[in-house]
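Participant: Would you be able to build a 3D model of this:
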Amino acid sequence: MEGGGGNLDAQIEQLLNLEKQMRLSSDVAGTKKAATDILELCFKAGAWKTLNDQIVVLSKRRGQLKQAVTAMVQQAMQYIDQTPDIETRVELIKTLNNVSAGKIYVEIERARLIKRLAKIKEQQGHIAEAADLMQEIAVETFGAMAKTEKIAFILEQVRLCLDRQDYVRAQILSRKISPRVFDIDASKEKKKPKEGDGVVEEAPADIPSLLELKRIYYELMIRYYIHNNDYLEISRCYKAIYEIPSVKENPAQWIPVLRKICWYLVLSPYDPMQSSLLNSTLEDKNLSEIPYFRLLLKQVVTMEVIQWTALWNTYKAEFENEKSMLGGSLGDKAADDLKQRIIEHNILVVSKYYSRITLKRLAELLCLTMQEAEKHLSDMVVSKALMAKIDRPIGIVCFQASKDSNNVLNSWAMNLEKLLDLVEKSCHQIHKETMIHKAALKA
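Facilitator: Numbering: from 1, shown residues only. Sure, this is the predicted structure:
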């Protein structure tokens, strides 16, 4: 290779002169051909340093054509996988990255280069560096990039943020993707571009399909919500995965997902959304395949007190089995939270059946000490899950909400109005009967 160095330089010089002539005469095809030929020459000779130098030189020449720079970058990107070692590969990517920086006509190529460089950094164990590199690129502003490639790029940004435990940034990035984008029918979406619209490039072959991206998106969101112990959102994410056709057709895939939906719904604090999801899941015909979980949801929906010890003994084995299934364990706090949810359910049941109850009897129904029962009840009142008052000296809990004086007066006024209406109707009926009786006597 050393022997052919002079010959290579002479050939490059000759092509540079040709490129200059073509560029000055504004011959786009000729300039592109000359520039790519120089790169091809360096690649075949294995002169990687010369290749990097020539890319920089050609891109900085006065009045260089955009088409030539684009062709050069695209040509050089094909050589990345054929570099002899990782150092040469990184150097070539960095050179191309510097050349394409700030040039809107090669923004897509730059995004792909950054993604490849981040992958290398991640393989070397530099997660933070890889995440910082990816965050430099705002692909959502790229009009010519395919939708699936944009989504894949943003999901990669989110994944790296989660890997480095930067949960705030991960949430900000995830909001760039609207979940509705996964429900759009790709066949209906393809429209003929209008005149003046930019041409959208085809996504590379290694970019997953929209449904695969949907699954990746929700799996990443599950990781984020697990960190926050947001059980309701986790169950909604699993519900979205469950609705994917490829998952619903395969029992080996949907059974673990449906199990997770059931567990996380039971672990979620009571609210209208949780109640709605519970009832819709209970109506799912597939739940008959896992009767244990159907029974669990039935118990939670039914307004009856659940004995915690009996429930835990029944479901402890199933709870432990989740570790070996899709998505892993339910979380470190899951067992404690499950007990908390059962206690909350029982307090709600008691509030439906009793207007007043002694604290001692409430503690007996909840299988807790009086102090624990009072604590759980107070927590629910603070979170506005129910209305209650505790008279501690006499130990009575009142579940009736205190009425405002205006409301009391309004209710009295309504009651009086109803009473007067009834009196008036009764008088009318009596008068009517009297008239009929008199008419009958005269006849």
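Participant: Now the phi/psi pair for residue 356, please.
Facilitator: phi -140, psi 140 (degrees, to the nearest 10).
Participant: What sits closest to it if chain neighbours are left out?
Facilitator: For residue 356, ignoring the flanking residues on the chain, the nearest one in space by Cβ to Cβ, 6 or more residues apart in numbering is residue 398 at 5.1 Å. Backbone N, C-alpha and C define where each C-beta goes, glycine included.
Participant: May I have the secondary structure class of residue 300?
Facilitator: helix (DSSP: H, G, I helix; E, B strand; the rest coil).
Participant: List the contacts of it.
Facilitator: 265-266, 278, 306, 345 (Cβ atoms under 8 Å, 6 or more residues apart in numbering).
Participant: What of residue 271?
Facilitator: So residue 271 contacts residue 232 (Cβ under 8 Å, 6+ apart).
Participant: Begin at 46, not 1, for the rest of this chat.
Facilitator: Okay, using 46 as the starting number, the last item reads as residue 316.
Participant: what about it, distance to residue 276?
Facilitator: 11 Å (Cβ to Cβ, to the nearest Å).
Participant: Turn the contacts of residue 345 into TSV, including neighbour count.
Facilitator: Listed next are those as TSV, based on neighbours: other Cβ atoms under 10 Å:
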residue	neighbour count
310	27
311	23
323	20
351	17
390	20
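Participant: any chance of those in TSV, with pLDDT and secondary structure too?
Facilitator: Shown next, in TSV, are these (pLDDT from 0 to 100; DSSP: H, G, I helix; E, B strand; the rest coil):
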residue	pLDDT	secondary structure
310	89	helix
311	89	helix
323	87	helix
351	87	coil
390	89	helix
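Participant: Can you give me the buried ones in the helix or strand hosting residue 364?
Facilitator: Secondary structure from DSSP states H and E places residue 364 in helix 353-366. Using 16 or more other Cβ atoms under 10 Å as the test for burial, helix 353-366 gives 353, 356, 360, 364.
Participant: Closest one of those residues to residue 218?
Facilitator: residue 364 (33.1 Å; Cβ to Cβ).
Participant: Flag the shaky bits of the stretch 246-395 of the chain, pLDDT-wise.
Facilitator: For the stretch 246-395 of the chain, the stretches with pLDDT under 70 are 369-377.
Participant: Go again with 90.
Facilitator: Scanning the stretch 246-395 of the chain for pLDDT under 90 picks out 246-259, 268, 271-277, 287-395.
Participant: for the record, mean pLDDT for the helix or strand containing residue 76?
Facilitator: Per DSSP H and E, residue 76 falls inside helix 73-90. If you average the pLDDT over helix 73-90, you get 85.
Participant: ok, residues contacting that helix?
Facilitator: Outside helix 73-90, the residues touching it (Cβ under 8 Å, 6+ apart) are 46, 49, 53, 56-57, 60-61, 63-64, 66-68, 93, 95-96, 99-100, 103, 110, 112-113, 116-117, 120-121, 124, 127.
Participant: for it, the distance to its chain's centre please.
Facilitator: Relative to its parent chain, helix 73-90 has a centroid offset of 45 Å by Cα atoms, centre = their mean, to the nearest Å.
Participant: which of the residues in that helix are buried?
Facilitator: Neighbour count says helix 73-90 has 75-84, 86-88, 90 buried, by 16+ other Cβ under 10 Å.
Participant: between those, which is nearest residue 159?
Facilitator: residue 84 (20.6 Å).
Participant: And the closest one, how far from residue 135?
Facilitator: For residue 84 relative to residue 135 (Cβ to Cβ), the value is 18 Å.
Participant: again, but for residue 418
Facilitator: In terms of Cβ to Cβ, residue 418 sits 63 Å off from residue 135.
Participant: more crowded one of these two?
Facilitator: Neighbour totals were compared for residue 418 and residue 135, and residue 418 leads with 25 against 17 (other Cβ atoms under 10 Å).
Participant: give me the element the residue nearest to the more buried one when sequence neighbours are not counted is part of.
Facilitator: The shortest distance from residue 418 to any residue other than its chain neighbours is 4.0 Å, reached at residue 408 (Cβ to Cβ, 6+ apart). Secondary structure assignment for residue 408, by DSSP H and E: helix 404-411.
Participant: That helix - contacts with which helices or strands?
Facilitator: In terms of contacts (3 or more Cβ pairs under 8 Å, 6 or more residues apart in numbering; DSSP states H and E), helix 404-411 is packed against helix 379-398, helix 415-427, strand 441-443.
Participant: 7 Å - rerun?
Facilitator: In terms of contacts (3 or more Cβ pairs under 7 Å, 6 or more residues apart in numbering; DSSP states H and E), helix 404-411 is packed against helix 379-398, helix 415-427.
Participant: what's the most buried one of these?
Facilitator: helix 379-398 (a mean of 18; mean count of other Cβ atoms under 10 Å).
Participant: who touches that one?
Facilitator: Applying Cβ atoms under 7 Å, 6 or more residues apart in numbering, the contact partners of helix 379-398 are 311-312, 315, 345, 348-351, 353, 356, 402, 407, 410-411, 421-422, 425, 430-431, 433, 444.
Participant: What of stretch 293-311?
Facilitator: Against stretch 293-311 from outside (Cβ under 7 Å, 6+ apart): 276, 279-280, 283-284, 286-287, 292, 319, 322-323, 326, 331-332, 334-335, 338, 341-342, 345, 367, 370-372, 375, 383, 386.
Participant: so the helix holding residue 408 versus helix 415-427, what angle?
Facilitator: 90 degrees (axes from the mean of the first three to the mean of the last three Cα atoms, to 10 degrees).
Participant: what about helix 404-411, average pLDDT?
Facilitator: Taken as a whole, helix 404-411 has an average pLDDT of 86.
Participant: buried residues in it?
Facilitator: Those would be 404, 407-408, 410-411, for helix 404-411 by 16+ other Cβ under 10 Å.
Participant: cool, and stretch 206-213?
Facilitator: Those would be 206-207, 209, 211, for stretch 206-213 by 16+ other Cβ under 10 Å.
Participant: what's the span of it from first residue to last?
Facilitator: 9 Å (Cα to Cα, to the nearest Å).
Participant: now swap in stretch 291-298 and tell me
Facilitator: 9 Å.
Participant: out of everything not next to it in sequence, what's closest to residue 56?
Facilitator: residue 86 (5.8 Å).
Participant: For the most centrally placed residue in the chain, give me its contacts.
Facilitator: Centroid check for the chain by Cα atoms, centre = their mean gives residue 266 as the closest residue, at 3.7 Å. For residue 266, the contacting residues are 219, 282, by Cβ under 7 Å, 6+ apart.
Participant: biggest helix in the protein by residues?
Facilitator: Determined from DSSP state H, the single longest helix within the chain is helix 450-487.
Participant: from the chain's centre, how far out does that helix sit?
Facilitator: 62 Å.
Participant: State the mean pLDDT of it.
Facilitator: Computed over helix 450-487, the average pLDDT equals 86.
Participant: and stretch 275-289, which residues are buried?
Facilitator: 275-287, 289.
Participant: Would you tell me which one of those comes nearest to residue 179?
Facilitator: residue 282 (22.6 Å).
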